[in-house]
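Novice: Next come a sequence and a model predicted from it.
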Amino acid sequence: NGEYTDAKVVQPAIDLLVDSLGATIFRAVIEEIDWETVNDDNDPDYFNWNYYNTVFSSTRFQGVWNTLRYLNNKGISDGLVISFMGAPPASPPVAAPDPKRSWMGGTDHTVGANMEDELVESIAALLYYMRHTAGIQFFLVSPMNETDIMAMTKSADHPEGIVEGPNIPDVIQYVRVVRKLAEKLDAIGMSDIRFVAPDAGSERLFGDCLETMVKDEYLMGKLKCWGVHQYGKDAGNYRNKIFKSSYPTRSFWVTETAGIRNMLGQLD
């Protein structure tokens, strides 16, 4: 909600990570993907920039742009991963009786098959604005996060729980949406964008995505590396799945883990 518009609150942490640790890869999370509270128009092939410019220049996004610019200034550009998390927009108005219902789909944060192009348009519009208006240097994107995880811990701030991503546990829909996003980015002159995906919450969805995506040469050409989440102490299960696939040398990044012990256990 724009509490960190000047971004100074996170700059000392970034300085430590870059200057002391030597970090070169940052997963920058934009949460939630609910900025398009009402449909910009009824044509997903047309960006209504009068609408989108108002959204992306709002107070909410100032901290995002300022933080990403600061990362760029610290030399983080090729290693900057833009990661989209959270639920799609709720039904308008935002304070609707059912906050789990999205105008992009049904209840429980789903995205209807007839609204996939609207979700793709919304994400593509932000990425286009990020590069061409906000002036951020990047080329890596994690399109959606843990689309198979809905039951999250509730708190006073989040009585409904925190939703990790749009509710898309079906591999066919997930891959279809990511392919549509790749095609949309090609169409708007951002064909250099590469994905870190699927960032699934479960090994099951990751395995299903791998089996489906490796059959699509175009989509594999858009994949920088596999994004996996491993909260255990050994990432060998993911390595073995990838090694047995038709793309055995494609690398993977553990984009989410738990603590230092988990990280040390996965180093091999």
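Specialist: Received, thanks. Numbers count the residues shown, from 1 in each chain.
Novice: Secondary structure element holding Lys241?
Specialist: Assigned by DSSP states H and E, Lys241 belongs to helix 236-243.
Novice: packing partners for that helix?
Specialist: Counting contacts by 3 or more Cβ pairs under 8 Å, 6 or more residues apart in numbering; DSSP states H and E, helix 236-243 is packed against helix 203-213, strand 223-229, strand 252-256. In short, each C-beta sits where N, CA and C put it, glycine included.
Novice: SS state for the residue nearest the centre of the chain?
Specialist: Geometric centre of the chain, nearest residue: Phe84, 2.4 Å, by Cα atoms, centre = their mean. Secondary structure, DSSP: H, G, I helix; E, B strand; the rest coil: Phe84 is strand.
Novice: The residue nearest to it when sequence neighbours are not counted: how many residues sit nearby?
Specialist: If the residues on either side of it in the chain are set aside, Phe84 comes closest to Ile33, at 5.1 Å by Cβ to Cβ, 6 or more residues apart in numbering. For Ile33, the tally of surrounding residues (other Cβ atoms under 10 Å) stands at 23.
Novice: contacting residues around the helix holding Lys241?
Specialist: The set of residues external to helix 236-243 that reach it, using Cβ atoms under 8 Å, 6 or more residues apart in numbering, is 203, 206-207, 210, 226, 228, 230, 248, 250, 252, 254, 268.
Novice: In TSV, list those along with neighbour count, distance to Tyr51 and pLDDT.
Specialist: As requested, those are exported to TSV (neighbours: other Cβ atoms under 10 Å; distance: Cβ to Cβ, whole Å; pLDDT from 0 to 100):
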residue	neighbour count	distance to Tyr51	pLDDT
Glu203	15	39	94
Phe206	26	35	97
Gly207	16	39	97
Leu210	23	37	98
Trp226	27	35	98
Val228	26	36	97
Gln230	22	39	95
Pro248	9	45	97
Arg250	17	38	97
Phe252	18	37	96
Val254	16	37	96
Asp268	8	49	79
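Novice: quick check, nearest of those to Tyr128?
Specialist: Trp226 (25.6 Å; Cβ to Cβ).
Novice: Remind me what the helix or strand harbouring Asn50 packs against, helices and strands.
Specialist: Element membership for Asn50 (DSSP H and E) is helix 49-56. On a contact count with 3+ Cβ pairs under 8 Å, 6+ apart, helix 49-56 meets helix 116-132.
Novice: Mind checking what helix or strand follows the helix it packs on in sequence?
Specialist: Counting by DSSP H and E, the next helix or strand C-terminal to helix 116-132 is strand 140-142.
Novice: May I have the strands that pair with that next one, each with its orientation?
Specialist: Within its sheet, and counting by DSSP bridges, strand 140-142 is paired with strand 80-85 (parallel), strand 194-198 (parallel).
Novice: Redo these as JSON lines? Include distance to Ser58.
Specialist: Supplementary listing: the strands paired with strand 140-142 in JSON lines, determined by distance: least, Cβ to Cβ, whole Å:
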{"stretch": "strand 80-85", "distance to Ser58": "17"}
{"stretch": "strand 194-198", "distance to Ser58": "27"}
